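Student: Next input, structure requested:
(one chain, ligands or ions: 4)
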Amino acid sequence: MNYPVNEIFETIQGEGCMTGVPSIFIRLQGCPVGCSWCDTKHTWTVEDQHKVDASQVIDVSNESNNWAELSSEKIIEIVKQYQAKHIVITGGEPCLYDLTELTTQLDGIGCSTQIETSGTFEIKTYDKTYVTVSPKVGMKGGYQVLTSALNRADEIKHPIATEQHIDDLKALLLQRNSDKVMTVCLQPISQKKRATELAIETCIANNWRLSVQVHKYLSID
Ligand SMILES: C[S@@+](CC[C@H](N)C(=O)[O-])C[C@H]1O[C@@H](n2cnc3c(N)ncnc32)[C@H](O)[C@@H]1O
Ligand SMILES: Nc1nc2[nH]cc(C(=O)O)c2c(=O)[nH]1
Ligand code: SF4
Ligand SMILES: [Mg+2]
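Tutor: Ligands and ions are numbered 1, 2, ... in the order given. Model prediction:
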């Protein structure tokens, strides 16, 4: 299967429970969810005039809306050139695409896989893929978080800036009906001081984890 790839690069995972793990990021192009504070708005549209060659999406760190159509075999070839053995598939919204073939092939070369998703589209991956769901409530695209995504999640990483976001999360947790072990992380939106203070207080009160987008504090990708 072919995937629209915005960028592939190697760094450390900067978010959630896997923070600090050396990782290869595969960022897929396309997302209709429309979060007003999204830090990757350049990935929202998949336009023909921005289709480029594979070489232009590898190790590029400019926030561009260019994308290359890459087969899972080609992605595997690229991944083998890096050191890291943990692969994070993000976007854009990676679950717009069936990730089963790609995650299965990555497992086949000895890599662990993780996806970063809003949980608004059905999750199609290899069954051992670690699933991070970052729920989005009331965004302008009008998509709802799926109960199946909440149930599949290994971690729920909720972006917060206000008390309302915490109420939204508590309502979503009631919607979940799964025995799967799952960690809740709060991620302050855009390093805002008040959002970070609120996240810390709320994590302590609920025994949840704080996720602070370490890469942004370190000014790395
Ligand atoms: C850019 S999204 C891509 C994957 C998927 N569309 C999603 O939303 O999970 C990756 C992560 O960044 C988070 N994020 C995006 N913009 C952010 C911001 N301004 N502050 C904090 N987290 C942000 C999202 O909530 C998500 O957890
Ligand atoms: N270092 C680093 N960690 C990340 N974790 C999730 C990211 C994302 O954009 O999905 C991200 C990212 O863009 N960079
Ligand atoms: S779902 Fe993810 S990629 Fe899409 S707009 Fe929201 S944060 Fe950005
Ligand atoms: Mg990011």
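Student: what element comes up after the host helix or strand of E101 heading to the C-terminus?
Tutor: E101 belongs to helix 100-108 when assigned by DSSP states H and E. The helix or strand immediately downstream of helix 100-108 is strand 112-117, counting by DSSP H and E.
Student: Between helix 100-108 and that next one, find me the angle.
Tutor: Interaxial angle, strand 112-117 versus helix 100-108 (axes from the mean of the first three to the mean of the last three C-alpha atoms, to 10 degrees): 150 degrees.
Student: mind starting the numbering at 677 from now?
Tutor: Sure, I'll start numbering at 677, so the last one becomes strand 788-793.
Student: Please determine whether strand 788-793 lies in contact with ligand 1.
Tutor: Yes: residues of strand 788-793 contacting ligand 1 under C-beta under 6 Å from any ligand atom: 792-793. For the C-beta atoms, the positions are set from N, CA and C on the backbone; glycine is no exception.
Student: Just confirm yes or no for that strand near ligand 3.
Tutor: No: in terms of C-beta under 6 Å from any ligand atom, no part of strand 788-793 sits within range of ligand 3; the closest distance is 7.8 Å.
Student: What is that strand packed up against?
Tutor: strand 762-766, helix 776-784, strand 806-809 (3 or more C-beta pairs under 8 Å, 6 or more residues apart in numbering; DSSP states H and E).
Student: Nearest residue to S854 in space, ignoring adjacent ones along the chain?
Tutor: N827 (3.8 Å; C-beta to C-beta, 6 or more residues apart in numbering).
Student: Identify the residues contacting the host helix or strand of that neighbour?
Tutor: Element membership for N827 (DSSP H and E) is helix 823-828. Contact partners of helix 823-828, identified using C-beta atoms under 8 Å, 6 or more residues apart in numbering, comprise 771, 793, 795-796, 798-799, 807, 809, 811, 832, 848-849, 851-854, 856.
Student: Show me which residues of this structure sit near ligand 1.
Tutor: Checking the chain against ligand 1 by C-beta under 6 Å from any ligand atom, the hits are 707, 713-716, 766-767, 769, 792-794, 810, 833, 835, 863, 865-866, 889.
Student: make it 5 Å
Tutor: Residues of the chain lying close to ligand 1 by C-beta under 5 Å from any ligand atom are 713-716, 766-767, 769, 792, 794, 810, 835, 863, 865-866.
Student: re the thing from before, and of the helices and strands packed on strand 788-793, who's closest to T721?
Tutor: strand 762-766 (16.6 Å; C-beta to C-beta).
Student: mind checking how far the closest one is from the chain centre?
Tutor: Averaging C-alpha positions (C-alpha atoms, centre = their mean, to the nearest Å) puts strand 762-766 8 Å from its chain's average.
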